[in-house]
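Enquirer: Okay, predicted coordinates and the sequence, questions at the end:
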Amino acid sequence: MRPAGVLRLALLALTAAFLLFPALFAPMLRPLAPPNMPVIYDRASLSSLALSHLALVAAAIIPSALLASALAILVTRPAGAEFLPLSRALVGFGQTFPPVAVLALAVPVVGFGTWPTLIALFLYGLLPIFENALAGLTGVSGAVRLAADGMGMTPGQKLRRVELPLALPLMIEGVRISAVIAVSTAAIGSTVAARSLGEVIIAGLNANNLSFVVQGGLLTAALALIVYEALGMVAEAARNRLGLPAEPASRPAG
Amino acid sequence: MRGRISILLVPLAASALLPFAVFRANRIAAGEPRSLIETLGTAGASAALLALGLAIAALMVIRQPLWRLGVAVPLLVSLVLAMGWGAARLGADAPTAARIGPGAGFWIALTLAGLLLIDALARLRPGPAARLGFAAGAVALVWLLLGSGVLAELSVMEEYRSRSAAFWREGGRHLWLAFGSFGVAMAAGVPLGIALARAPRLRQPVLGALTAVQTIPSIALFGMLILPLGWVAANLPGAAALGIRGIGMAPAFVALLLYSLLPIVANTVAGLTGVPRSVTEAADGMGLTRRERLWRVDIPLAAPVIVAAARIVLVQNIGMATVGALIGAGGFGTFVFQGIGQTATDLILLGALPTVALAFVTSAVLDAAAGLLPGAAP
Amino acid sequence: MIEFQSVSKLYDGLAAVDDVSLTLERGTLTAVVGTSGSGKSTLLRMVNRLVEPTSGRVLIDGADTASVPPAQLRRRIGYVIQDTGLFPHWSAARNIATVPELLGWPKAQIRARVRELMEVLQLDPDAIGPRRPHELSGGQAQRVGVARALAARPALLLMDEPFGALDPVIRGQAQADLRRVQRQLGTTVILVTHDMAEAIRLGDRIAVMREGRIEQFAAPAEIIAAPATPFVADLLGEGDRAFRLMSLRPAREIAEPGAAEGPMLPAGSSLAEALAEMIWTGRDRLPIAGPDGRAVGVVRRDAVIRAGRPEAGPE
Ligand SMILES: Nc1ncnc2c1ncn2[C@@H]1O[C@H](COP(=O)(O)OP(=O)(O)O)[C@@H](O)[C@H]1O
Ligand SMILES: [Mg+2]
């Protein structure tokens, strides 16, 4: 197995071990906790927090992906073409909007708890997916489009058989970016009482218990890396299945 | 096919039916809606509706982006002015503790007017110099509106007045966090990128590690850095005197610095390796030394890509610096999280609005700057 | 039979195709030739309604194309473009199967048809069939594109600069293949090209286009013999094209058994050298030497001239 594969497995195994048997790691964290304070977070089990963290991300990103893809399809059809410049500009504007601001602004509208976090994750998740779907759909070469029309595909057939499959790897890449941002924002969501691993960090910060901060931080980081790697593998698998060449190694951001 | 964008005018018109303002007995009380007529009075509301109607009619017939812009900008400005006047009018016969803020109708109208403005701008496709001009004009306009006092009765402005000293202090910290960490990241990241451009074998591991760092959620990295920085403060003589502590600015600064590295390093590598072979060969053929070629050819050609990274990093830093407030780093996030704690909408806005505005302006300026560079793609 | 009846296409008030009327016979190969931007592609795309005429009609076998829904019309017409436009996520075989799949042919029939076509175009079905477009050479990709266009047995094939991206050696082979396949299947072909040599080599008739209009529509021999306008003459290029072509081909290729009078043509001589020798010495039959210097046959003048014409491929 390649070193990357070994690292991924080790990360997964360590995270699972920590979530299921946190007591095993208590001796290592002991020095970080103030005397007479619990070493391992005890107001909820770490595994249930991790699960609800993931559930929050999934519940926001799946509808986000569906809506963003639908919008991207819409503005790349002749009927929606008039909205394409606006959409492109909005993608640019939207990205300057910090996820925390979206979260904070959702609180006055819907109150505390899961909802503002879900809404923030959903809204912020739209952008990267929309942008990548747009890039994927508009990136299909003119010759390929012309050939699809010339072979007598209807617009629907062209979309399903040619444009969507070719855009799929980039769309998954967008979901990956959105999901990683969502893991991060969901953790911050614990400041508005969403159930996630961020709760452990914030409890640690409030109680000056570094052991909480570190275990929450490590687990949240592990969760983000696992989501990132997992969706990377999905994108890779899609690319392989479609027989498309692998992505170039370094692509400039921007 | 043209004219479909007019669909945006429907909710714009409908927004007049929604509450224009929200009245609250005090800063954390529940809001009560106030309609356009209640907010502006019969005469004021009629004038506002007439103006809105005219703007909508104009946008329905006018196709020229420049003219549409000429309608959308005054529409936006008059919306904000109407809000300011309405707040003053409602506040005049209310107790001092009462707060008046924008209602759903205002926000929807503002969003749609904004969309129409963005659409017109996007169709104009202004060059970098024009974009820079637009950004400067927008900043000047906002400055004028805030400075003129017409908005003074709005609840956010009241919130600002009661803590203006803290606002500017946290604002300064926010800038220092975002721009200071960016500066250090540039100083470290560009040379690292240059080195990696020459050492392809090191590229994958270094960029991979930096990607992993970027993947770590901000709150987690902020939190985990408390540990090493606390150790440094306790064990390294002089570190504490420099202001390095486990919590506060230091871990936030270091975290933002770490996040900044990936875009800078990756884009430097991409920019340098993207210089066409024919160009480097021509430079070598003319007898430029490696160092001369780097400074005279490679870096100027890679500059637009590096500036693009600078834009990404600054926008990202400005947003993420907000989270630093959770570990006591200060910044606008202080107001956001205090506001969340007190369910004080105005306090949240006081933190969130300047953050967003700062990110917008920075992004627009750097975007235009990248376009003005000699090596920029046309 | 394809009829263009006063067909025009305006873009922003400018005519890309300007009042073109043409009648193309069944089973013939018509080459449309002209400089870049002269409206060739636009004219071609009006046949399968990728472009709708601003005015005028296009009839196929007497039926107005405007009366057939575009998708249905296009499935009956083969279409080949310069950049092949192969679907990058499908194998070569699946690409070839595109139109039969759209038409809902049974799977077994599609498989059989794909194999058959790949063999006709000299593509190994087992080796090339499963490959993705990015794993094909330029020549292979081009042949897959032709196979894809022919898959549903269209009576009409439209080709838009199909050989433009190929190197000269592969291009010659592809041209010869097209001629062979077209004769074999009796397909009506409209071929767009900017290369007059290609038009002369392949076309039964040539339509020369300029600024959206047809300058001349005639058989290749007639075009060469009597260019209708200075533009057509220009397009034919340097007058010694035939000699240049002849100087590239060895005379030995057309040697016939027999004997002839006079000095022997050296073994490595070209057609051009053979013809020059004939003119110079007033003979119309020359003996030609083999590698060992002894006579191996004769070269006749009419054979030299026939072989010098551009449409003749290697026998
Ligand atoms: N979709 C289009 N929109 C506007 N102008 C077009 C379009 N397609 C072709 N043209 C114009 O029509 C003219 C003929 O184009 P084309 O038929 O592609 O020429 P050719 O194939 O001979 O190179 C050109 O001037 C081209 O710019
Ligand atoms: Mg063309």
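Expert: Noted; the coordinates are in hand. From a predicted model like this one, the values you see are computed outputs, not experimental measurements. Ligands and ions are numbered 1, 2, ... in the order given.

Enquirer: Please make it C-alpha for all contacts and neighbour counts, starting now.
Expert: Fine.

Enquirer: tell me the contacts of residue 71?
Expert: All of this refers to chain A. A:F130 (C-alpha atoms under 8 Å, 6 or more residues apart in numbering or on different chains).

Enquirer: Hmm, no, I was thinking of chain C.
Expert: With C-alpha under 8 Å, 6+ apart, C:A71 has these contacts: A:D149, A:M151, A:G152, A:M153, A:T154.

Enquirer: what does C:T54 give?
Expert: C:V7, C:S8, C:K9, C:L10.

Enquirer: hang on, the first one is in a strand, isn't it?
Expert: Yes - secondary structure of C:V7, determined by DSSP: H, G, I helix; E, B strand; the rest coil: located in a strand.

Enquirer: Which of the contacts of C:T54 sits closest to chain B?
Expert: Nearest to chain B, judged by C-alpha to the nearest C-alpha, of the contacts of C:T54 is C:L10 at 18.2 Å.

Enquirer: what about the closest one, neighbour count?
Expert: Using other C-alpha atoms under 10 Å in any protein chain shown, C:L10 is surrounded by 14 other residues.

Enquirer: Relative to chain C, which of the contacts of C:A71 is nearest.
Expert: A:G152 (4.1 Å).

Enquirer: Please enumerate the helices of the stretch 51-200 of chain A.
Expert: With DSSP state H, counting those that start in this stretch, the ranges of helices along the stretch 51-200 of chain A come out as A:84-95, A:99-110, A:114-138, A:142-150, A:155-157, A:164-188, A:198-207.

Enquirer: cool, and the stretch 151-300 of chain C?
Expert: C:168-185, C:196-202, C:220-225, C:230-236, C:241-248, C:271-281.

Enquirer: Relative to the whole chain's centre, how far out is the first one?
Expert: Averaged C-alpha coordinates place helix C:168-185 at 7 Å from its chain's average position (C-alpha atoms, centre = their mean, to the nearest Å).

Enquirer: could you give the mean pLDDT of it?
Expert: For helix C:168-185, mean pLDDT rounds to 87.

Enquirer: and what of the fourth one?
Expert: In this model, helix C:230-236 has an average pLDDT of 85.

Enquirer: what helices or strands is it leaning on?
Expert: helix C:196-202 (3 or more C-alpha pairs under 8 Å, 6 or more residues apart in numbering or on different chains; DSSP states H and E).

Enquirer: buried ones in the helix it packs on?
Expert: For helix C:196-202, the buried set under the neighbour-count rule, 16 or more other C-alpha atoms under 10 Å in any protein chain shown, comprises C:M196, C:A197, C:E198, C:A199, C:I200, C:R201, C:L202.

Enquirer: follow-up on the earlier one: can you turn the buried part of the contacts of C:A71 into a ChimeraX selection?
Expert: To isolate the buried members of the contacts of C:A71 in ChimeraX, using 16+ other C-alpha under 10 Å:
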select /A:149,151,152,153
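
Enquirer: So which of the contacts of C:A71 reach ligand 1?
Expert: Near ligand 1, judged by C-alpha under 6 Å from any ligand atom, there are no entries from those.

Enquirer: Now the two most distant members of the contacts of C:A71.
Expert: Across these, the longest distance by C-alpha to C-alpha is 9.3 Å; it joins A:M151 and A:T154.

Enquirer: how about CSV for the helices of the stretch 51-200 of chain A, with mean pLDDT and distance to B:R296 added?
Expert: Output for these, formatted as CSV (pLDDT from 0 to 100; distance: least, C-alpha to C-alpha, whole Å):
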stretch, mean pLDDT, distance to B:R296
helix A:84-95, 83, 32
helix A:99-110, 84, 40
helix A:114-138, 91, 34
helix A:142-150, 95, 37
helix A:155-157, 94, 50
helix A:164-188, 92, 36
helix A:198-207, 91, 48
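
Enquirer: which SS state does C:T23 fall under?
Expert: Assigned with three-state DSSP, C:T23 falls in the strand class.

Enquirer: OK, now which residue of the stretch 101-250 of chain B is nearest to ligand 1?
Expert: B:R123 (18.8 Å; C-alpha to the nearest ligand atom).

Enquirer: Skipping its backbone neighbours, what lies nearest that residue in space?
Expert: Spatially, and ignoring its direct neighbours in sequence, B:R123 is nearest to B:P65 (6.2 Å; C-alpha to C-alpha, 6 or more residues apart in numbering or on different chains).

Enquirer: any idea how far that neighbour lies from chain A?
Expert: The gap separating B:P65 from chain A is 12 Å, by C-alpha to the nearest C-alpha, to the nearest Å.

Enquirer: Could you check how many residues crowd around that residue?
Expert: 19.

Enquirer: swap in C:L103?
Expert: C:L103: 15 neighbours (other C-alpha under 10 Å).

Enquirer: returning to what we had before: export the contacts of C:T54 to TSV and append columns for distance to chain A and pLDDT.
Expert: Below are the contacts of C:T54 laid out as TSV (distance: C-alpha to the nearest C-alpha, whole Å; pLDDT from 0 to 100):
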residue	distance to chain A	pLDDT
C:V7	20	96
C:S8	20	96
C:K9	18	96
C:L10	20	96
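
Enquirer: Out of the residues you listed, the closest to B:F335 would be?
Expert: C:L10 (61.2 Å).

Enquirer: Spatially central residue in the chain, please.
Expert: I went with chain A, as the question did not name one. In chain A, the residue lying closest to the centroid (C-alpha atoms, centre = their mean) is A:A179, at 0.5 Å.

Enquirer: that answer is for a different chain, and I need it for chain C
Expert: Closest residue to the average C-alpha location of chain C: C:L202 at 4.3 Å, with C-alpha atoms, centre = their mean.

Enquirer: correct me, but it touches C:T28?
Expert: No - in this structure C:L202 lies outside contact range of C:T28 using C-alpha atoms under 8 Å: 10.3 Å.

Enquirer: for chain C, where's the lowest mean pLDDT among helices and strands?
Expert: helix C:241-248 (a mean of 61; mean pLDDT, DSSP states H and E).

Enquirer: Please enumerate the helices of the stretch 1-150 of chain B.
Expert: Counting by DSSP H, counting those that start in this stretch, the helices of the stretch 1-150 of chain B are B:9-14, B:36-61, B:65-92, B:104-124, B:128-148.
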